[in-house]
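K.L.:
Next input, structure requested:
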Amino acid sequence: MDNFVEGLSEVECDVLVIGGGTAGPMAALKAKQRNPNLNVILLEKANVKRSGAISMGMDGLNNAVVPGYATPEQYTKEITIANDGIVDQAPVYKYASRCYEIIEELDRFGIRFQKNANGDFDLKKVHHLGTYVLPMPNGDTVKKALYRQLRRERILISNRYMATRLLTAGDGRIAGAIAVNTRSAEFLVLRAKTVILCMGAAGRLGLPHSGYLFGTYENPTNSGDGYAMAYHAGAALANLECYQINPLIKDYNGPACAYVAGPFGAYTANSEGKRFIESDYWSGQMMQEFYNELQSGKGPVFLKLNHLHHDSVGEIEQILHKVERPSRGRFHETRGTDYRETMIEMHISEIGFCSGHSASGVFVDEFARTTVEGLYAAGDMANVPHNYMLGAFTNGAVAGEHAAEVAAETELPDYDREFVARERERVLAPTRRDDGIPPNQLEYKARRLVNDYLQPPKVTAKMQIGQARLSEVRDDLETALVARDAHELMRALEVSSILDCAEMAAHASLFRTESRWGLYHNRVDYPEKDDDNWFCHTLLRKIDGRMVSEKRKVEPYVVPIETEERTAYDRLRVQKQA
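P.N.:
Below is the predicted model of the structure:
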């Protein structure tokens, strides 16, 4: 066993940003630029240089609202329709109004976006209605460019510290966070006037078909820690029954990327090579049609590129194999798969929480404020739907600017020292045991139960059994989990977050007694959509130690939408020709 260091240090700052992926660095950057006199700390459990979902790069922006192609009003309407109308439009509209200036800023950072012969941004159409996809020829340089800006502003970066719980003051406002070093197990108390959570999706919730713990669709280091921390601090989380489920390449932990290949003429097809959906833009209804086709006699489902010109395929390969995921090209090469000759088999990913691809996240308003005073959230863990990478950048900027303004007018809150002592005991409990269950085994068990009992189509009796079984895993976590070194301690803490998210997924899914968002919340016992009772958000929070859900009305739309428009995604299936 490692020699764990028992140290406890305390630091103070004005703005604490937790998470060094996409939203976090932008939030820290904008907070510092808004008020250079503030002390801003960026905390990351890995290393900011190469952490987060964009650590290896990204193939493009999926939701760029660029003048000449779309307006903020058009985009707001598009996302409202894609999310079945359960949207507070104010934060979506704010994103749509600000994202173009963020694109221009990223362009100045040295991140190249595809442009046409006139030097204008060259967007592609994938969405059901509008045109929003902007390719990034050198998307593998995103983190490098972002890191240069952090260094230029001299922002204090604390790598290898994993936040475990948020601190709150006596009046309930945020007071900072507790973190543990992932190499030495030393503890750090970070006092702060405002805190911004940018900790990504709950990417290790369900278990991939491969059985590999880290073979997930989402970045596997995003284990739902932010969701768990927000929950335990009393913040409301919205629409957690609206799972993230995506199409991916069979046996490969990555997207099939029909939205990348689509502008070149590729599309999703059944085993007969026929298109069965009008749009490859991801939505719950698109995934329902995907699932239906898989279960039919016309499955499996494929990405079809073998009808394209070889030069077009080469361009697609350049984007998918060189920019975003180099392992993808090696995967196909080893299998002997050639896009020019055969269709690429697709499948359905494991479930997760991610506002970037659906709508499940910590509830925030248009300023990225949560329901806890002084606490903000941005990126894949905040419930602004269909956020993607540009949403993380933009809403991270919004959060950073507002948090800086609040911090400048706020005194440093006090915190409960006894709470810190209790948290140290909770975190270090696995290191006190001589023998027990290692984190990887307990994680496998929890995530297998998620697949067995919570995966859609959802069945009430199965989800209730899942709750009981997950409660048994909770007992094991609290009494038998063992960590033999600091790395395993980090994994043990991630298992705790995964279990929190699994319990929230079951609770939220049982609360909404209807089917909505296509496959994301397909309840077999309640197969119909019930707008009269459930056209609302569901908010889940911790009250007096218990998990409680409630309804919250959808705020009046900023951009009006007709009922017929709102149901457009229900008509994605290609109609039979007369």
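K.L.:
what ranges do the strands span in the stretch 151-300 of the chain?
P.N.:
156-159, 161-168, 174-181, 187-197, 237-238, 247-249, 267-270 (DSSP state E, counting those that start in this stretch).
K.L.:
where's Val15 relative to Ala235, distance?
P.N.:
From Val15 across to Ala235, the span is 18 Å (CB to CB, to the nearest Å). From N, CA and C alone the C-beta is placed, and that goes for glycine too.
K.L.:
any low-confidence regions in the protein?
P.N.:
1-3, 128, 324, 576-578 (pLDDT under 70).
K.L.:
So in it, which helix runs the longest?
P.N.:
With secondary structure taken from DSSP state H, the chain has its longest helix at helix 486-511.
K.L.:
one step back: dump the strands of the stretch 151-300 of the chain to TSV, plus distance to Gly20 and mean neighbour count.
P.N.:
Conversion of the strands of the stretch 151-300 of the chain to TSV gives the following (distance: least, CB to CB, whole Å; neighbours: other CB atoms under 10 Å):
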stretch	distance to Gly20	mean neighbour count
strand 156-159	7	18
strand 161-168	10	23
strand 174-181	13	25
strand 187-197	12	26
strand 237-238	22	27
strand 247-249	26	22
strand 267-270	34	22
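K.L.:
Output these in JSON lines, with distance to Lys143 appended to each entry.
P.N.:
Below are those laid out as JSON lines (distance: least, CB to CB, whole Å):
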{"stretch": "strand 156-159", "distance to Lys143": "13"}
{"stretch": "strand 161-168", "distance to Lys143": "19"}
{"stretch": "strand 174-181", "distance to Lys143": "22"}
{"stretch": "strand 187-197", "distance to Lys143": "19"}
{"stretch": "strand 237-238", "distance to Lys143": "28"}
{"stretch": "strand 247-249", "distance to Lys143": "23"}
{"stretch": "strand 267-270", "distance to Lys143": "30"}
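K.L.:
out of these, which comes closest to Gly361?
P.N.:
Between Gly361 and the strands of the stretch 151-300 of the chain, the shortest separation by CB to CB is 6.4 Å, and it involves strand 237-238.
K.L.:
Tell me which of the strands of the stretch 151-300 of the chain approaches Met287 most closely.
P.N.:
Ranking the strands of the stretch 151-300 of the chain by proximity to Met287 (CB to CB) places strand 247-249 first, at 7.2 Å.
K.L.:
ok so, going back, how about residues contacting the helix or strand that the longest helix of the chain is followed by?
P.N.:
Downstream of helix 486-511, the first helix or strand assigned by DSSP states H and E is helix 531-534. Where contact means CB atoms under 8 Å, 6 or more residues apart in numbering, the residues beyond helix 531-534 that reach it are 512-514, 516, 551.
K.L.:
CA atoms only for helix 531-534 - export them in PDB, please.
P.N.:
Provided in PDB are the C-alpha atoms of helix 531-534 (Å, rounded to 0.1, in the frame of the first residue of the first chain):
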ATOM      1  CA  ASP A 531     -48.800  17.000 -22.000                       C
ATOM      2  CA  ASP A 532     -51.700  17.800 -19.700                       C
ATOM      3  CA  ASN A 533     -49.800  16.500 -16.700                       C
ATOM      4  CA  TRP A 534     -46.100  16.300 -17.700                       C
END
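K.L.:
how far does the longest helix of the chain sit from the chain's center?
P.N.:
Centroid separation between helix 486-511 and its chain, computed with CA atoms, centre = their mean, to the nearest Å, is 15 Å.
K.L.:
what do you get for stretch 282-292?
P.N.:
19 Å.
K.L.:
Output it as CSV, nothing but the C-alphas.
P.N.:
The C-alpha trace of stretch 282-292 is given here as CSV (Å, rounded to 0.1, in the frame of the first residue of the first chain):
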residue,chain,number,x,y,z
TRP,A,282,-29.4,13.3,-32.6
SER,A,283,-32.6,13.5,-30.7
GLY,A,284,-34.6,11.1,-28.6
GLN,A,285,-37.0,10.5,-31.4
MET,A,286,-34.2,9.8,-33.8
MET,A,287,-32.8,7.2,-31.4
GLN,A,288,-36.3,5.7,-31.0
GLU,A,289,-36.5,5.2,-34.8
PHE,A,290,-32.9,3.8,-34.7
TYR,A,291,-33.9,1.3,-32.0
ASN,A,292,-37.1,0.3,-33.8
